[in-house]
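Chemist: Give me coordinates for this.
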Amino acid sequence: MALSTSILLTIALAPLVGCLLAGFLGRFIGRAGSHTATILGVAIACGLSFYVLYQLTAGGAPVYNQNIYTWFDIGNYSAHVGFLIDRLTAMMMVVVTFVSLLVHIYTIGYMADDDGYQRFFSYISLFTFSMLMLVMSNNFMQLFFGWEAVGLVSYLLIGFWYKRPTAIFANLKAFLVNRVGDFGFLLGIAGVLYFLGTLDYATAFSAAPTLVGKTLQITQNTHWDAATVICILLFIGAMGKSAQVPLHVWLPDSMEGPTPISALIHAATMVTAGIFMVARMSPIFELSETALSFVMIIGATGALFTGLIGIVQNDIKRVVAYSTLSQLGYMTVALGVSAYAGAVFHLMTHAFFKALLFLGAGSVIIAMHHEQDMRYMGGLRKYMPITWITMWVGSLALCGVPFFAGFYSKDAIIEAVGESHRWGANYAYFCVMAGAFVTALYTFRQMYLTFHGKERFVVVHDHGHGHGHDAHADHDEHHHVSHKDDHGHHEAGIMHETPKESPWVVTLPLILLAIPSIIVGAMAVQPMLFGEWFGSAIHVNEANNVLGEVGKEFHSWAAMALHGFTQLPFWLVAAAFAIQTYIYLFNPAVAERIKNALKPVYNMLNHKYWFDAVYYIVFARGGIALGRALWKGGDAAVIDGVLVNGSASLVDRIAGGMRRLQSGYLYHYAFAMILGLILLLGGYWLVGQ
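Modeler: Okay, the predicted model is just below:
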């Protein structure tokens, strides 16, 4: 049974309808009407996405590839709105809509007191529509439309609290950094059109082998391989959208937006767009070993070095944000070793447990009255049992503990990198292996600081009596940090009521995300990684099939998990668990001593390797200095000074001189005529000689 065009249009447009209702009619339909319209739209898209996935897997439906609408026809070139629905697309549709649906439900509780309630629901529904247009597209032009649309909506969401200077700075930073990546992405699409003569996926992929041997002339004596240039340019787009080094700097700052969008942007949607795009372009990327090595090294660098920054973060959301950077690095490494299925599989499992961790962090923030500093938490497990248990599930999945979803995808990537012989694979293997230890360090630190140990906050009731850990003895130490955000929360560590579990609209999404964070890896590992589940959606040259080599040792999901207990990644996680348990449960003073002993390293990580400072000095200050130099030396001196003011001054002087000759006396004019006649006759005589 073939897929229906009307069903696919409904999936894409239902969130858009909800967005328009909440956005334009929000004041008339109210809060309940706004969240009902958007949740219903995303729920319809989610239900139909599951139906499409079922039809492609169990229903025997063929791959759908049709154009719905023609954008333009110019000569031999045309652009369309169309859908390519294969198993890769269907899996992405399910992940995007399922996570988005839970985020929508969660938002009812999280944004309950916010004045921009309707506007927020409109934005996140528009975000879902944009992401669906991106993943469902069958051509590069529509891909670029979705690509830019998610960038635009993320700009609106990161700066949602637009009265905060930090939020406006963060969304502008995200917008500018992504423009750098998008410039490369657009050039890559132009390269596809120039060399392959089409914007249609299927046509371009079938013609991709013709790129072999073609070159792009850079200078008279310099020619670059066409496939390599196209792939690197396309990947630069992915570096911006999927926050790869050195275009990663926008993602941690995007924490300035409300927590639901942190989950939506960083879990299943925007940041995974680059990973999905490279996997979709696998027929082209397989033509360039150079480009794949570049992808692998960039990803490996991010997997290890951005994860290290997470160890020193105190903001509960920023820890999860740097975790996202690190995990995106793992996905990118997988792409670089031609393990595209491994990258997409990790994308899927990561979407569930990372959304769970972000929403869990948001639940903690609600309970702490919008305090985000983990140094003023502790002991929350007895107040928030559901959040505590579900966040432990997400944490164990993130660390890759056997039998949890993250283990199957993360371990497969590490083993695939170990099987690769591509240039740079040894460096990548070290990074992903060390990254397993680093991931566990910051994850267990976050859990212990938040939920375990003694309470480091004070509850001060209205009648002035303290309650909680050392309410009187340590009261003063909590006054050294004092700030209020737009929610008007009180001084850090000082609360006016005891923390309590979040309402059901917050905890239900946590439970529903915890379930796939446990089981989805075991369910999907064999068909997705070692079977032919993706079919023709992903192309891998036989010589590059590292997952095929890993699959030779695969017997079952249970055997793989049991074998995982004997492997180095698990022992690195266990070592990190033992270290953090000792430090944060039994001897917290050790943390400060380690920090002081490694002060230079701590400063480097705390300053995020000074990327922001370098960009500020080189690009921001450098751009201003260059602009001033061009203004003073070019505009003011040359254009204004010479061309505009100079020419005006010259005309003025000539006119002034001419004015003096116009005296009005007849004898002056007679003298000038006689003098002119003499000069004319003298010149004539000289020529005659």
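
Chemist: quick one: low-confidence ranges for this structure?
Modeler: Per-residue confidence for the chain (pLDDT under 70) gives these ranges: 1, 266-268, 461-493, 495-496, 634-635, 641, 689.

Chemist: Strand partners (parallel or antiparallel) of the top strand by length along it?
Modeler: The residue-count maximum for a strand in the chain (DSSP state E) belongs to strand 64-74. According to DSSP bridges, strand 64-74 has the following sheet partners: strand 77-85 (antiparallel).

Chemist: Mind listing residues that contact stretch 309-321?
Modeler: Among residues not part of stretch 309-321, those counted as contacts by C-beta atoms under 8 Å, 6 or more residues apart in numbering are 251-252, 254-255, 259, 262, 266, 322-323, 325-326, 354, 357-358, 361-362, 364-365, 372-375, 377, 438, 441-442, 445-446, 450, 602, 605-606, 608-609. To be clear about C-beta, it is placed using only N, CA and C from the backbone, and glycine gets the same treatment.

Chemist: picking up where we left off before, residues of the longest strand of the chain that come out buried?
Modeler: Buried residues in strand 64-74, defined by neighbour count with 16 or more other C-beta atoms under 10 Å: 64, 67.

Chemist: That strand: how far from the chain's middle?
Modeler: Once both centres are worked out by C-alpha atoms, centre = their mean, to the nearest Å, strand 64-74 turns out to sit 29 Å from its chain's centre.

Chemist: What lies in contact with it?
Modeler: 2-3, 5, 8-9, 78-86, 138, 141, 201-202.

Chemist: what about 7 Å?
Modeler: With contact meaning C-beta atoms under 7 Å, 6 or more residues apart in numbering, strand 64-74 is reached by 3, 5, 78-85, 138, 141, 202.

Chemist: what residue is smack in the middle of the chain?
Modeler: The residue at the geometric middle of the chain, judged as the C-alpha nearest the mean C-alpha position with C-alpha atoms, centre = their mean, is residue 271 (3.2 Å).

Chemist: Would you agree that residue falls within a helix?
Modeler: Yes. Counting by DSSP: H, G, I helix; E, B strand; the rest coil, residue 271 is located in a helix.

Chemist: quick one: contacts for residue 353?
Modeler: With contacts defined as C-beta under 7 Å, 6+ apart, the neighbours of residue 353 are 394, 397-398, 405-406, 517.

Chemist: 10 Å - rerun?
Modeler: Contacts here follow C-beta atoms under 10 Å, 6 or more residues apart in numbering; on that basis residue 353 touches 267, 323, 327, 360, 390-391, 393-399, 404-406, 513-514, 516-518, 520-521.

Chemist: and it, what helix or strand is that in?
Modeler: Using DSSP states H and E, the element containing residue 353 is helix 340-367.

Chemist: how distant is the next helix or strand after that helix from the center of its chain?
Modeler: Along the chain past helix 340-367, the next helix or strand (assigned with DSSP H and E) turns out to be helix 385-399. Relative to the mean C-alpha coordinate of its chain, helix 385-399 is positioned 23 Å out (C-alpha atoms, centre = their mean).

Chemist: Please give the element, helix or strand, for residue 100.
Modeler: Secondary structure assigned from DSSP H and E places residue 100 in helix 87-110.

Chemist: could you give the angle of the host helix or strand of residue 331 to helix 340-367?
Modeler: For residue 331, the element it lies in under DSSP H and E is helix 316-336. With axes from the mean of the first three to the mean of the last three C-alpha atoms, to 10 degrees as the criterion, the two stretches helix 316-336 and helix 340-367 enclose an angle of 180 degrees.

Chemist: Show me how far helix 316-336 is from its chain's centre.
Modeler: Between the mean C-alpha location of helix 316-336 and the chain-wide mean there is a distance of 10 Å, by C-alpha atoms, centre = their mean.

Chemist: Check which helices and strands the top helix by length along the chain is in contact with.
Modeler: As far as residue count goes, and with DSSP state H defining each element, the longest helix of the chain is helix 5-57. Using 3 or more C-beta pairs under 10 Å, 6 or more residues apart in numbering; DSSP states H and E as the contact test, the elements touching helix 5-57 are strand 64-74, strand 77-85, helix 87-110, helix 117-136.

Chemist: orientation of the shortest one relative to helix 87-110 in degrees?
Modeler: It refers to strand 77-85. 80 degrees.

Chemist: So what angle separates the directions of strand 77-85 and helix 117-136?
Modeler: Taking the same axes, to 10 degrees, one finds that strand 77-85 is oriented at 100 degrees with respect to helix 117-136.

Chemist: Can you point out the buried residues in strand 77-85?
Modeler: Using 16+ other C-beta under 10 Å as the burial criterion, the residues of strand 77-85 that qualify are 78-85.

Chemist: Tell me who's in contact with residue 133.
Modeler: Each residue near residue 133 by C-beta under 10 Å, 6+ apart is listed here: 12-13, 16, 81, 83, 142-143, 145-147, 149-150.

Chemist: do residue 669 as well
Modeler: With contacts defined as C-beta under 10 Å, 6+ apart, the neighbours of residue 669 are 661-663.

Chemist: one more time with 6 Å
Modeler: Taking C-beta atoms under 6 Å, 6 or more residues apart in numbering, we find residue 669 in contact with no residue.

Chemist: any idea how far residue 30 is from it?
Modeler: The spacing between residue 669 and residue 30, counted by C-beta to C-beta, to the nearest Å, is 89 Å.

Chemist: Can you tell me how far the closest residue to residue 449 other than its chain neighbours is from residue 110?
Modeler: Setting aside the residues directly before and after it, residue 449 is nearest to residue 374 in space (C-beta to C-beta, 6 or more residues apart in numbering), at 4.0 Å. As judged by C-beta to C-beta, residue 374 and residue 110 stand 19 Å apart.

Chemist: Surely residue 177 and residue 248 touch.
Modeler: No. With contacts counted by C-beta atoms under 6 Å, residue 177 stays clear of residue 248, the gap being 8.4 Å.
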